[in-house]
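Peer 1: just coords:
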């Protein structure tokens with residue numbers, strides 16, 4: 001089964017058994033289970049497709065929280081010539097790692 005889920009303002013195509021890195025979910029603890037409502041559910045061949053308006057009624061994606069962490073550092077450099085203006089900032093985006101266990105629908 002394939003499903004399209006929306007979390008953290010982004011949409012992801014997921015399959016059963018897949019590990020997925022999403023935006024940080026602060027209400028979930030490591031080892032807890034989450035149920036996400038899919039926007040679309042289909043089989044592997046794409047013959048039985050259910051499209052939601054906006055979500056598929058009765059369908060759900062069960063996943064477990066594996067870990068919380070922070071991504072690689074992204075460096076932001078600003079520079080303007082001839083004015084002695086230089087800025088150097090780093091940022092590490094927090095994330096939640098999910099394991100997709102079951103897609104029903």
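Peer 2: Done, it's in. Everything numeric in this text was worked out from a predicted model, so none of it was measured. Numbering: from 1, shown residues only.
Peer 1: phi and psi next, for the residue lying farthest from the centre of the chain.
Peer 2: Among residues of the chain, the one most distant from the C-alpha centroid is residue 82; the distance is 42.8 Å, by CA atoms, centre = their mean. Main-chain torsions, residue 82, degrees, to the nearest 10: phi 70, psi 10.
Peer 1: pLDDT score for it?
Peer 2: Residue 82 carries a pLDDT score of 97 in this model.
Peer 1: just the one 3 residues further on next, same as before
Peer 2: Note for residue 85: predicted pLDDT of 97.
Peer 1: distance of it relative to residue 76?
Peer 2: Remark: distance between residue 85 and residue 76 (CB to CB, to the nearest Å) = 14 Å. Placement of C-beta: from N, CA and C, glycine included.
Peer 1: equivalent analysis for residue 61, please.
Peer 2: Residue 61 is 34 Å from residue 76, where distance means CB to CB.
Peer 1: quick one: which of these two has more around it?
Peer 2: Set residue 61 next to residue 76 and count neighbours by other CB atoms under 10 Å: residue 61 wins out with 25 against 9.
Peer 1: and residue 7, bridged to which residues?
Peer 2: Beta bridges link residue 7 to residue 10, judged by DSSP bridges.
Peer 1: please give me every residue in contact with it.
Peer 2: Residue 7 makes contact with 22-23, 25, 36, according to CB atoms under 8 Å, 6 or more residues apart in numbering.
Peer 1: out of the residues you listed, which is most surrounded?
Peer 2: The residue in these with the most neighbours, by other CB under 10 Å, is residue 36 (21 neighbours).
Peer 1: tell me the bridge partners for that one.
Peer 2: In this entry, residue 36 is beta-bridged to residue 61, by DSSP bridges.
Peer 1: tell me which residue is most central in this structure.
Peer 2: residue 22 (2.9 Å).
Peer 1: list the contacts of that one.
Peer 2: Counted by CB under 8 Å, 6+ apart, residue 22 has contacts 7-8, 10, 12, 95-96, 98.
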